[in-house]
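**Student:** using only what follows, build the 3D model:
(chains A and B)
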Amino acid sequence: NAGVTQTPKFRILKIGQSMTLQCTQDMNHNYMYWYRQDPGMGLKLIYYSVGAGITDKGEVPNGYNVSRSTTEDFPLRLELAAPSQTSVYFCASSTPGTLNTGELFFGEGSRLTVL
Amino acid sequence: DQQVKQNSPSLSVQEGRISILNCDYTNSMFDYFLWYKKYPAEGPTFLISISSIKDKNEDGRFTVFLNKSAKHLSLHIVPSQPGDSAVYFCAASGSNFGNEKLTFGTGTRLTIIP
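**Tutor:** The predicted structure is shown next:
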């Protein structure tokens, strides 16, 4: 099993450009998440999904969009990139029904720089 | 509003000694707590967790203690090994929040000195 795979690992964007961060998992997990980590900060939840066709906002959703058409894939779309979106982005997945254990499986991260 | 706080950004410990990482939380609705470990250029990996019905959970060299009245938890690593050098994140969730609502602390960078 590959686990959670994110692409690309690195990307430089110009202000106003758009891009999509790809995330796919092969563990058949229902729940998927996108977090961002800024220097010296914890991980902040951007969007999450509890199953195909269902998405919801997290703590910092502004400037992002997501879709969940399949169980495996959960892409994150950045529209009109801004310097404030410079960050490391982590995709994660988990399985429900485990008494809220909250154990997440993370991808390796995607480092995005907006100039 | 930082609901999960790790007030020590960094910690250095001699190899073989005990490492103690601390975490405080403010939301009394949290009832499940986790520690994640992160190496550079990798995603965080789950380390150990504790439910609010317990005050201690042990897994090999790692023990997590929970003091609900003080809203404080700590991770003890003994003996510390060079491979333990990493950033450690404390996280919390609540049964009312669902699996999707993990709140993370800012992390503590642990350095084990050989």
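**Student:** around chain A, pick out the residues from chain B.
**Tutor:** Within reach of chain A by CB under 8 Å from any CB of the partner chain, chain B has these residues: B:2, B:4, B:6, B:9, B:31-32, B:34, B:36, B:41-46, B:49, B:51, B:89, B:91, B:93-95, B:98-107. Where C-beta positions appear, they are placed from N, C-alpha and C, glycine not excepted.
**Student:** what helix or strand is A:Ser93 on?
**Tutor:** strand A:87-94 (DSSP states H and E).
**Student:** about what we covered before: would you show me how to pick out the buried ones of the residues of chain B next to chain A in PyMOL?
**Tutor:** Selection of buried members from the residues of chain B next to chain A for PyMOL, criterion 16 or more other CB atoms under 10 Å in any protein chain shown:
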select buried, chain B and resi 4+6+31+32+34+36+43+44+46+49+89+91+93+94+98+99+100+101+102+103+104+105+106+107
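**Student:** if we can go back for a sec, what packs against the next helix or strand after the strand holding A:Ser93?
**Tutor:** Next in sequence after strand A:87-94, counting helices and strands by DSSP H and E, comes strand A:105-106. The helices and strands touching strand A:105-106, judged by 3 or more CB pairs under 8 Å, 6 or more residues apart in numbering or on different chains; DSSP states H and E, are strand A:87-94.
**Student:** for the strand it packs on, name the packing helices and strands.
**Tutor:** strand A:4-7, strand A:19-25, strand A:31-37, strand A:105-106, strand A:110-114.
**Student:** format the ones you listed as CSV; extra columns: distance to A:Asn62, mean neighbour count and mean pLDDT.
**Tutor:** Formatted as CSV, the helices and strands packed on strand A:87-94 follow (distance: least, CB to CB, whole Å; neighbours: other CB atoms under 10 Å in any protein chain shown; pLDDT from 0 to 100):
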stretch, distance to A:Asn62, mean neighbour count, mean pLDDT
strand A:4-7, 21, 19, 96
strand A:19-25, 16, 20, 97
strand A:31-37, 12, 25, 94
strand A:105-106, 23, 22, 92
strand A:110-114, 14, 18, 96
